[in-house]
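A.B. asks: got a structure for you, letters missing:
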């Protein structure tokens, strides 16, 4: 059994760790509320924009979308991996890296490159894939305008023919304890199919429906990427809060076990001292 000093040092160390994890949990909980409100407020807009695009496209004849819907033979694929800049958030980043490798295996025999957003993903994936720089600073100022620049960059890579398909891989926020890994096709746009019945009302469109659709597509792509990053950002804080909550609980349990061990060792030491004193007294009396 370890001596009393070693046990006291371990109790102090575990208590310090517990304070750190508890503080990180509270910080993540505060940030999660703000991030959750942002993604919750944005989802109705993104869904309505998609619905509007579907309704307009359903009233048009033939293929709509111009170069954005061009289906080329898939030879070069770009995977946009959205991770975080910091760790200590459970399997949050690991799940994205694992999904990137699964998608790479799915496209076996084709050129697969990675467009990392987040430091943790970039640090790991750069060892196995060709990566297009790093885009870690986006989380410092997460605004639509900053994300729009990245979306324009991705769109240009597709329109120029540099890549035949671009996919987004990110954690979709469900709640603080649950994040769902999502893989979405970014470009080319999949054929727009809507089960919503198209109204036969007589509307006047200015400019034409085709021009409106072609104007909405770039905005829809920017919104899709922004929503993915916002989802990932909220998921990160939820995952970190859950991980730090579990770490705090584990540290509390370990500290209680160490205190029990310490008390038993101290009681044993005291009992031995009493026995030595009694034995010495009896020896003198004898």
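C.D. replies: Nice, thanks for sending it over. Keep in mind that what you see is a predicted model, and the values were worked out from it rather than measured.

A.B. asks: how about the nearest residue to residue 71, chain neighbours excluded?
C.D. replies: Distances taken as C-beta to C-beta, 6 or more residues apart in numbering put residue 188 closest to residue 71, at 5.8 Å, once the chain neighbours are dropped. Just so you know, the C-beta spots here come from the backbone N, C-alpha and C atoms, and that holds for glycine as well.

A.B. asks: got a pLDDT number for that neighbour?
C.D. replies: Residue 188 is assigned 88 on the pLDDT scale.

A.B. asks: And for residue 197?
C.D. replies: Residue 197 is assigned 55 on the pLDDT scale.

A.B. asks: Let me see the contact set for the residue nearest to residue 71.
C.D. replies: By C-beta atoms under 8 Å, 6 or more residues apart in numbering, residue 188 lies in contact with 68-72, 158, 165.

A.B. asks: Out of those residues, flag the one nearest to residue 140.
C.D. replies: Residue 140 lies nearest to residue 158 out of the contacts of residue 188, by C-beta to C-beta, at 27.0 Å.

A.B. asks: The closest one contacts residue 152, doesn't it?
C.D. replies: No: contact criterion C-beta atoms under 8 Å: residue 158 and residue 152 do not qualify, at 11.0 Å.

A.B. asks: what about these two, which has more around it?
C.D. replies: The neighbour count for residue 158 versus residue 152, taken as other C-beta atoms under 10 Å, is higher for residue 158 (22 against 14).

A.B. asks: Can you show me the helices along this protein?
C.D. replies: Under the criterion DSSP state H, the chain contains helices at 4-58, 92-106, 119-125, 144-159, 209-285.

A.B. asks: in this protein, which ranges drop under the pLDDT threshold?
C.D. replies: Across the chain, the ranges flagged by pLDDT under 70 are 1-2, 57-66, 191-203, 286.

A.B. asks: Ignoring the adjacent residues along the chain, who's closest to residue 225?
C.D. replies: Once flanking residues are discounted, residue 225 sits nearest to residue 151: 4.5 Å by C-beta to C-beta, 6+ apart.

A.B. asks: Return the residues in contact with the one you found.
C.D. replies: 218, 221-222, 224-226.

A.B. asks: Most neighbours of all those residues, which one?
C.D. replies: Busiest of the contacts of residue 151 [other C-beta under 10 Å] is residue 225, holding 25 neighbours.

A.B. asks: and it, how far is that from residue 245?
C.D. replies: 31 Å (C-beta to C-beta, to the nearest Å).

A.B. asks: Residue 263 too?
C.D. replies: 27 Å.

A.B. asks: Likewise for residue 176?
C.D. replies: 9 Å.

A.B. asks: do the same with residue 256
C.D. replies: In terms of C-beta to C-beta, residue 256 sits 17 Å off from residue 245.

A.B. asks: These two - which one has more neighbours?
C.D. replies: Taking other C-beta under 10 Å, residue 256 and residue 245 do not tie; residue 245 has more neighbours (18 against 12).

A.B. asks: was I right about that one contacting residue 24?
C.D. replies: No: contact between residue 245 and residue 24 fails when scored by C-beta under 8 Å: they sit 9.7 Å apart.

A.B. asks: hmm, back to that, please tabulate the helices of the chain in TSV, including the columns distance to residue 181.
C.D. replies: Listed next are those as TSV, based on distance: least, C-beta to C-beta, whole Å:
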stretch	distance to residue 181
helix 4-58	16
helix 92-106	5
helix 119-125	13
helix 144-159	20
helix 209-285	10
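
A.B. asks: Determine which stretch of those helices is the most buried.
C.D. replies: helix 119-125 (a mean of 21; mean count of other C-beta atoms under 10 Å).

A.B. asks: what sits up against it?
C.D. replies: Contacts of helix 119-125 (C-beta under 8 Å, 6+ apart): 81-87, 93, 96-97, 100, 114, 116, 131, 134, 136.

A.B. asks: Only the buried subset of these, as a ChimeraX command please.
C.D. replies: Command for ChimeraX, covering only those of the contacts of helix 119-125 found buried under the criterion 16 or more other C-beta atoms under 10 Å:
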select :81,82,83,84,85,93,96,97,100,114,116,131,134,136
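
A.B. asks: Relative to residue 50, which of the contacts of helix 119-125 is nearest.
C.D. replies: residue 82 (19.6 Å).

A.B. asks: Excluding chain neighbours, give the residue nearest to that closest one in space.
C.D. replies: residue 170 (3.9 Å).
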